[in-house]
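Q: A structural model of the following input is requested.
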Amino acid sequence: MKIDARIKVVTSIIFSIFLIGLILILNVALGEKGLETNSLLKNLSPSTNFLFGTDSMGRDMFVRTIKGLHFSLYVGIIGAGMGVLIAIVFGILAAIGNKKTDKMIMWVVDMFIGMPHIIFMILISFAVGKGARGVIVATAITHWPALTRVIRNEVYSIKNSEYIILSRNMGKSRGFIVKNHILPIIFPQIFIGFVLLFPHVILHEASMTFLGFGLSAQQPSIGIILSEAAKHISLGNWWLVVLPGLALIVLVKCFDTIGESLRILHNPHMRYL
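A: Below you'll find the model as predicted:
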């Protein structure tokens, strides 16, 4: 990889992290005042006082959007983290276990991949009691199969390495080998997989909430914002949909950029085009 290409990749990572950090800072700095209703400020278009305008209840849409994005980050971290843990367990078990275990886990992976995500997530959300907990559990349970395949293939490629065979011959347990030999090597793939899982979790959280499943109307969420705005878009209040939607796209793109950039930097065979 050329030096200038590497600089571009690193710059894109830094800029994406900056935008994500800005959301976290604004979430604290803006406070809760903008979420209060005010009948005198209903349906105001974007201005210097209200960057994203106001909604039908007089609430500041910029504050609501930042709060919604912060909640998406919260759901993304926990949901993606749980999904990665499931993927690590099943991926390693499939690779180091016997053929029967491998076939069983791969069958479960294929079954989960073949199911429509949204429908499955809605069913899981209902089963665990809806709310934020339902959204997090639903996103975690449905977003591990693809990463499981990656981890399984990585472990397969290294499990017969000389140092692992030597450790096995010395009487080391499977747990010791996984902890000291396998996990350190596949950690970059795990971390990149976690980052790339983030945008999928965030988008599916917004989709579930938009359809009316998961969160209460009082919870600041991009899905709820877009769902409410859909009722008022015919009145010409375009900012209720366009600006929060663009903010969600930017957040998802930030994580996608970080993940793809890390994958390029980690893979010596990739070339930045």
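Q: Let's see the pLDDT reported for residue 69.
A: We have a pLDDT of 86 for residue 69.
Q: Please report the distance of it from residue 93.
A: Per Cβ to Cβ, to the nearest Å, residue 69 is found 36 Å from residue 93. In this view, the C-beta of every residue, glycine as well, is placed from N, C-alpha and C.
Q: Look at those two and report which has more neighbours.
A: Shown here are residue 69 and residue 93; by other Cβ atoms under 10 Å, residue 69 has more neighbours (25 against 19).
Q: The more buried one against residue 248, yeah?
A: Yes: counting by Cβ atoms under 8 Å, residue 248 is a contact partner of residue 69 at 7.0 Å.
Q: what is in contact with these two at once?
A: residue 222 (Cβ atoms under 8 Å, 6 or more residues apart in numbering).
Q: Which helix or which strand is home to residue 70?
A: In the assignment (DSSP states H and E), residue 70 maps to helix 61-96.
Q: just residue 50 next, same as before
A: Applying DSSP H and E, one finds residue 50 in no helix or strand.
Q: Quick check, central residue of the protein?
A: Per Cα atoms, centre = their mean, the C-alpha nearest to the average position across the chain is that of residue 198, at 1.8 Å.
Q: How about that residue: what's its closest non-neighbour residue?
A: Among residues not flanking residue 198 along the chain, residue 255 sits closest, at 4.1 Å (Cβ to Cβ, 6 or more residues apart in numbering).
Q: Report the contact partners of the one you found.
A: Shown in contact with residue 255 (Cβ under 8 Å, 6+ apart): 16, 20, 76, 195-196, 198-199, 202.
Q: Next, it: secondary structure please.
A: helix (DSSP: H, G, I helix; E, B strand; the rest coil).
Q: For it, report the pLDDT, please.
A: Reading off the model, residue 255 has pLDDT 84.
Q: what's the spacing between it and residue 247?
A: Computed as Cβ to Cβ, the residue 255 to residue 247 distance reads 14 Å.
Q: so how far is residue 68 from residue 209?
A: 9 Å.
Q: which stretches of the stretch 1-150 of the chain form helices?
A: Secondary structure of the stretch 1-150 of the chain (DSSP state H, counting those that start in this stretch): helices at 3-30, 61-96, 99-114, 117-127, 131-142, 145-158.
Q: Can you tell me which of those is nearest to residue 259?
A: helix 3-30 (9.6 Å; Cβ to Cβ).
Q: Now for the contacts of residue 255: which two are most distant?
A: For those, the maximum inter-member distance is 14.8 Å, found between 20 and 196 (Cβ to Cβ).
Q: Looking at those two, which is more packed in?
A: residue 196 (20 against 17).
Q: shouldn't the more buried one be in contact with residue 257?
A: No: Residue 196 is beyond contact range of residue 257, at 10.5 Å (criterion: Cβ under 8 Å).
Q: picking up where we left off before, flag every buried residue along the helix holding residue 70.
A: Residues of helix 61-96 classed as buried by neighbour count (16 or more other Cβ atoms under 10 Å): 61-73, 75-76, 78-84, 86-88, 90-96.
Q: So which helix or strand of the protein has the lowest pLDDT on average?
A: helix 222-230 (a mean of 76; mean pLDDT, DSSP states H and E).
Q: The contacts of residue 255 into CSV, with extra columns for pLDDT?
A: Formatted as CSV, those follow (pLDDT from 0 to 100):
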residue, pLDDT
16, 89
20, 89
76, 81
195, 81
196, 80
198, 79
199, 80
202, 79
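Q: possible to save these as JSON lines with distance to residue 120?
A: Formatted as JSON lines, those follow (distance: Cβ to Cβ, whole Å):
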{"residue": "16", "distance to residue 120": "30"}
{"residue": "20", "distance to residue 120": "28"}
{"residue": "76", "distance to residue 120": "18"}
{"residue": "195", "distance to residue 120": "23"}
{"residue": "196", "distance to residue 120": "20"}
{"residue": "198", "distance to residue 120": "19"}
{"residue": "199", "distance to residue 120": "19"}
{"residue": "202", "distance to residue 120": "17"}
